[in-house]
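>>> Got a predicted model here, sequence first, then my questions.
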Amino acid sequence: MLDKIKSFFSQNKKNYERKNENNNQTHVKEEEYVPSVFETLKFNIQFLKIDYLNIVFRNIYYMYDSYVRVISPFILLEVKNAIIESDFQNMKYQIVKFMILQFISQILSFLDTKVNYNQYQETEQQVQKSILENIFSKDVQFFEDHKITQLADTLKQGCSYIANELSYGQIFQKFNLAITMISRMYFIYYLSPYLLINFLVTCFFSQAIIFLLILKIEKLQEKQSKKNDVFDFIIDDILNNIAVIKTFGTELKESNRIKNMILKSEEESRQINDLQQVSHLMRYASSEIVNVCLILQIFFQIGLSAPINQVAQSITDIFQANHYGFKLANEIIRLISNKPENYYLDGKKQAGKIMQLFKQQSGIPQDIYYDEKDKFSGEIIFDNVTFKYPVSKDSLAKANQKLQQEDKFIEKKEQDQLLSKEQDDSQNSSDQDSDLSDQNLQKENPKLLELNKSNSAFEREYIINNLSFKIKQGQYVAFVGKSGCGKSTIIKLLQRNYDVNSGSILLDNQNIRDCSIGKLRRSIGFVSQEPSLFDNDIEYNITYGSIDSDYTEEDIQKVCEMSGISEFVNDKNRFPKGLKTLVGSKGMKLSGGQKQRIAIARALMKKPKILILDEATSSLDAESENQVQQQIDKLAQKGDLTLIVVAHRLSTIVKSDKIFLLKHGEIKEEGTHQELLSKNGLYKKLVHHQIHFQEKLKLQI
Ligand SMILES: Nc1ncnc2c1ncn2[C@@H]1O[C@H](COP(=O)(O)OP(=O)(O)OP(=O)(O)O)[C@@H](O)[C@H]1O
């Protein structure tokens with residue numbers, strides 16, 4: 001029988017695996033970390049804010065409640081005996097005692113719910129704050145390795161999980177449940193020790209069968225939850241790229257992709273549902289079987305000598321105990337089984353995700369508290385810098401997934417050979433084989449690549465090679481070069497998004513590795529090619545750059561003039577609300593040029609010492625670009641700001657003090673526009689190329 005059940009499961013498993021072979025997952029999920037119960041407890045406890053009054057109250061309540069639970073069946077038995085013996089005085093006394101005990105219990109229970117709720121909320125807020133601070137402390141590499149939706153998920157679900165685990169209710173309720181279970185068992189023992197033995201044996205036997213079913217359900221649920229993560233990721237990707245989907249008219253393609261995923265997951269849900277129904281049925285049936293066994297025993301052992309109403313009451317109490325007996329049997333079976341990871345699996349996984357988040361140390365320490373006034377003056381030195389991008393976890397996971405698939409393929413080949421040899425015994429061998437392949441996938445594969453270990457599969461090429469240059473304070477410099485030559489990488493290194501592999505970057509002669517990252521970031525104003533705006537009004541976005549709200553109306557007007565915002569925001573027809581106009585999600589209600597100007601204003605509000613414009617005017621039309629350029633030139637003339645411009649359109653940088661021409665991460669030429677032209681080198685070629693291209697365009701028009 002057991003073999004049949006096993007082979008039914010293994011057949012299902014094989015079908016399931018076969019159906020999933022064609023499911024190409026675009027997103028690779030990190031291995032889940034499942035901590036032990038003790039680890040989880042140790043981790044959770046750090047968030048516990050101890051409120052002694054609260055603990056004392058809850059302790060009293062649960063002690064009292066446990067006492068009532070223990071004593072109640074005995075009082076009711078007393079009442080019955082009093083009725084039988086016609087001792088009405090005692091009967092009245094027992095009934096009043098019982099009612100008072102229950103009444104106090106209800107009042108305490110009401111107060112307890114209130115106290116517990118407050119405790120839960122406080123803990124949840126505390127956990128939220130800690131997780132958020134932890135996320136803020138991560139460096140850029142971390143966010144390249146993690147999906148934002150998954151982080152948001154961890155933040156939301158993790159908080160409620162920990163808060164729930166830590167609410168005193170949970171801790172004491174478990175204690176309370178244990179006392180109740182023991183007291184009920186004692187009551188049955190009090191009636192007859194044989195009754196207790198029968199009760200425990202039948203409970204354990206039925207629970208063992210149900211446990212097997214639950215294991216299967218949990219495994220399926222785990223697989224489904226992994227699929228759901230991929231599904232969430234794809235939905236997120238689709239929504240983020242909705243404009244692309246609309247432009248390419250690929251709605252049907254995407255909806256088919258989702259439909260296929262839903263169909264596959266529906267199949268799994270159906271399997272889970274079927275198994276759950278069987279398990280419910282078994283649970284119900286086993287409970288009834290236990291009851292019948294016990295009733296029979298009562299009639300044959302106690303019933304013959306005891307009055308009928310005492311037997312009836314015993315049966316009622318035993319039915320109640322039945323429920324607790326099942327619980328106890330289930331927990332014990334789970335603990336003694338070799339599958340401890342299935343014990344409170346969901347909760348532990350939640351804890352595991354948060355623990356991983358806390359364990360991962362940020363490569364570059366991120367200090368979020370700093371002195372606003374402490375800024376660099378703006379002198380920059382790159383001294384023999386080399387750099388290559390670190391290997392991302394995603395590419396590592398993808399490579400490892402490939403290795404695992406290769407292993408699985410070899411494994412399958414071996415299995416097929418085995419199967420053809422042992423055709424007679426095919427069901428049993430397929431069962432073992434599928435188990436084997438699953439275990440092999442999970443066990444540590446020595447071939448799997450590890451992060452931070454050099455491996456030819458991941459050798460990245462150097463993007464920056466022995467780069468040295470100096471930018472004086474207040475200088476206006478530009479970086480030019482072909483796409484992919486490393487211009488933006490230099491900017492990222494200057495902001496210490498990544499650490500250099502060798503050499504050093506100095507600001508005011510201080511290595512940026514040795515100074516606070518807060519000071520560095522507050523000294524630099526940065527405008528990227530595609531600025532990201534907050535879903536709020538224009539003013540909020542502009543003033544976002546000012547940390548301590550230390551600005552006046554004039555400051556706002558000044559940066560609006562400088563960045564060319566005044567020009568469009570004063571148009572009362574199109575912007576009736578002026579600076580209070582909402583920009584929409586990601587600034588979608590504004591044109592590319594308008595967004596760009598807001599980003600420039602935001603960077604200027606920060607009062608930086610170094611302003612970096614990375615292709616910042618590329619999305620502006622010729623007229624707007626010219627206007628913004630004039631403002632940039634004015635800023636540069638003032639000389640109190642070091643200005644670094646990355647530009648493709650060379651016309652925008654002719655006025656710069658120095659131009660660096662890059663090729664493969666190396667400076668090939670440097671000097672002013674005129675100096676470089678007279679060199680007759682790469683820069684001149686680039687200029688000629690652009691002039692030629694523009695003239696060609698004009699002719700076509
Ligand atoms: N986060 C990253 N991880 C891995 N490689 C990267 C990353 N960012 C950029 N690269 C690679 O580094 C190289 C230099 O990129 P970079 O953005 O610095 O070029 P660029 O000169 O600014 O190009 P463009 O003018 O097109 O913006 C490119 O080959 C690019 O693919």
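Perfect, I can see it now. In this text, all values refer to a predicted model and were calculated from it rather than measured experimentally.

>>> Any idea what Leu662 is bridged to?
Beta-bridge pairing for Leu662 (DSSP bridges): Gly481, Ile667.

>>> Residue of the stretch 1-150 of the chain nearest the ligand, please.
Glu144 (5.9 Å; C-beta to the nearest ligand atom). (Each C-beta comes from the backbone N, C-alpha and C, glycine too.)

>>> Assign a three-state SS to that residue, would you?
helix (DSSP: H, G, I helix; E, B strand; the rest coil).

>>> again with Lys375
coil.

>>> phi, psi of the nearest residue to it once chain neighbours are set aside?
The shortest distance from Lys375 to any non-neighbouring residue, by C-beta to C-beta, 6 or more residues apart in numbering, is to Ser523 (4.3 Å). Torsion angles at Ser523 (phi, psi; degrees, to the nearest 10) stand at phi -80, psi -20.

>>> now swap in Gly671 and tell me
phi 150, psi -180.

>>> roughly how far apart are it and Val477?
Distance, Gly671 to Val477, using C-beta to C-beta, to the nearest Å: 11 Å.

>>> Around the ligand, pick out the residues from the stretch 51-200 of the chain.
Glu144 (C-beta under 6 Å from any ligand atom).

>>> from the middle of its chain, how far away would stretch 99-116 be?
With C-alpha atoms, centre = their mean, to the nearest Å as the basis, stretch 99-116 stands 39 Å off its chain's centre.

>>> Mind checking the pLDDT average for it?
Stretch 99-116 shows a mean pLDDT of 83.

>>> Can you find the helix or strand in the chain with the smallest mean pLDDT?
Lowest on mean pLDDT, DSSP states H and E among the helices and strands of the chain sits helix 426-442, with a mean of 41.

>>> Close to the ligand: what parts of the stretch 551-700 of the chain are there?
Contact residues (C-beta under 6 Å from any ligand atom) of the stretch 551-700 of the chain with the ligand: there are none.

>>> For the stretch 401-550 of the chain, what lies in contact range of the ligand?
Residues of the stretch 401-550 of the chain lying near the ligand (C-beta under 6 Å from any ligand atom): 463, 481, 483-489.

>>> Buried ones among the residues you listed?
463, 481, 485-489 (16 or more other C-beta atoms under 10 Å).

>>> For the residues you listed, name the two members farthest from one another.
By the measure C-beta to C-beta, Ile463 and Gly481 form the most distant pair in those, at 12.1 Å.

>>> Show me where the stretch 1-150 of the chain has its strands.
Taking DSSP state E, counting those that start in this stretch as the criterion, the stretch 1-150 of the chain carries no strands.

>>> Show the low-confidence segments of it, by residue range.
For the stretch 1-150 of the chain, applying pLDDT under 70 flags the ranges 1-34, 37, 48-51, 149.

>>> So which residues of it form helices?
Applying DSSP state H, counting those that start in this stretch to the stretch 1-150 of the chain gives helices spanning 2-20, 37-45, 52-84, 88-136, 140-145, 148-166.

>>> Same question for the stretch 401-550 of the chain.
In the stretch 401-550 of the chain, the segments counted as helices under DSSP H, counting those that start in this stretch are 426-442, 487-494, 517-523, 538-543.

>>> Show me what the second one is in contact with.
Under the criterion C-beta atoms under 8 Å, 6 or more residues apart in numbering, residues 140, 380, 382, 385, 387, 389, 463-464, 467, 479-481, 498, 500, 505, 512, 524, 526, 610, 612, 614, 644, 646, 662, 665 lie in contact with helix 487-494.

>>> could I have it exported to CSV, CA atoms only?
Output in CSV follows, covering the C-alpha atoms of helix 487-494 (Å, rounded to 0.1, in the frame of the first residue of the first chain):
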residue,chain,number,x,y,z
LYS,A,487,33.4,57.8,-19.9
SER,A,488,30.4,57.0,-17.6
THR,A,489,32.6,54.4,-15.7
ILE,A,490,35.0,57.2,-14.7
ILE,A,491,32.0,59.2,-13.4
LYS,A,492,30.8,56.1,-11.4
LEU,A,493,34.3,55.6,-10.0
LEU,A,494,34.5,59.2,-8.9
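
>>> center of the protein - which residue?
Closest to where the C-alpha atoms of the chain average out (C-alpha atoms, centre = their mean) is Leu151, at 2.6 Å.

>>> List the contacts of that residue.
135, 357.

>>> got it, and Asn466?
384-386, 503, 666 are the contacts of Asn466 under C-beta under 8 Å, 6+ apart.

>>> Highest neighbour count among these?
Comparing the contacts of Asn466 by number of neighbours (other C-beta atoms under 10 Å), Val385 comes first, having 21 neighbours.

>>> And for the residue nearest to Lys375, the neighbour number?
22.

>>> Could you do Lys353 as well?
Neighbour tally, Lys353, other C-beta under 10 Å: 20.

>>> same thing with Glu144?
Neighbours of Glu144 (other C-beta under 10 Å): 14.

>>> ok, now how distant is it from Tyr498?
In terms of C-beta to C-beta, Glu144 sits 10 Å off from Tyr498.

>>> Also Met261?
35 Å.

>>> for Gln510, same thing?
To Tyr498, Gln510 is 19 Å away according to C-beta to C-beta.

>>> Quick one: work out the angle between the helix or strand containing Cys203 and helix 148-166.
Using DSSP states H and E, Cys203 sits within helix 193-240. Helix 193-240 and helix 148-166 are oriented at 150 degrees to each other (axes from the mean of the first three to the mean of the last three C-alpha atoms, to 10 degrees).

>>> Measure how far helix 193-240 is from the centre of its chain, please.
23 Å.

>>> Then stretch 105-118?
33 Å.

>>> circling back: tell me which of Gln510 and Tyr498 has more neighbours.
Remark: of Gln510 and Tyr498, Tyr498 carries more neighbours, 20 against 16, as counted by other C-beta under 10 Å.

>>> ranges for the strands of the stretch 351-500 of the chain?
Under DSSP E, counting those that start in this stretch, the stretch 351-500 of the chain gives strands at 380-387, 464-471, 476-481.

>>> So which of those strands is the most surrounded?
Greatest average neighbour count among the strands of the stretch 351-500 of the chain goes to strand 476-481 (a mean of 23), per mean count of other C-beta atoms under 10 Å.

>>> Centre of the chain to it, how far?
39 Å.

>>> Mind giving me the packing neighbours of that strand?
The contact analysis (3 or more C-beta pairs under 8 Å, 6 or more residues apart in numbering; DSSP states H and E) places strand 476-481 against helix 487-494, strand 642-646, strand 658-663.

>>> hmm, try it at 10 Å
strand 464-471, helix 487-494, strand 610-614, helix 622-638, strand 642-646, strand 658-663, strand 666-671, helix 682-700 (3 or more C-beta pairs under 10 Å, 6 or more residues apart in numbering; DSSP states H and E).

>>> JSON lines for these, including distance to Tyr117 and mean pLDDT?
What follows is the helices and strands packed on strand 476-481, written out as JSON lines (distance: least, C-beta to C-beta, whole Å; pLDDT from 0 to 100):
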{"stretch": "strand 464-471", "distance to Tyr117": "56", "mean pLDDT": "92"}
{"stretch": "helix 487-494", "distance to Tyr117": "47", "mean pLDDT": "93"}
{"stretch": "strand 610-614", "distance to Tyr117": "50", "mean pLDDT": "91"}
{"stretch": "helix 622-638", "distance to Tyr117": "55", "mean pLDDT": "77"}
{"stretch": "strand 642-646", "distance to Tyr117": "54", "mean pLDDT": "92"}
{"stretch": "strand 658-663", "distance to Tyr117": "61", "mean pLDDT": "92"}
{"stretch": "strand 666-671", "distance to Tyr117": "64", "mean pLDDT": "91"}
{"stretch": "helix 682-700", "distance to Tyr117": "67", "mean pLDDT": "73"}
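
>>> now stretch 203-215: mean pLDDT?
Mean pLDDT, stretch 203-215: 73.

>>> Show me which residues of stretch 555-563 are buried.
Going by neighbour count (16+ other C-beta under 10 Å), the buried part of stretch 555-563 is 555-556, 558-560, 562-563.
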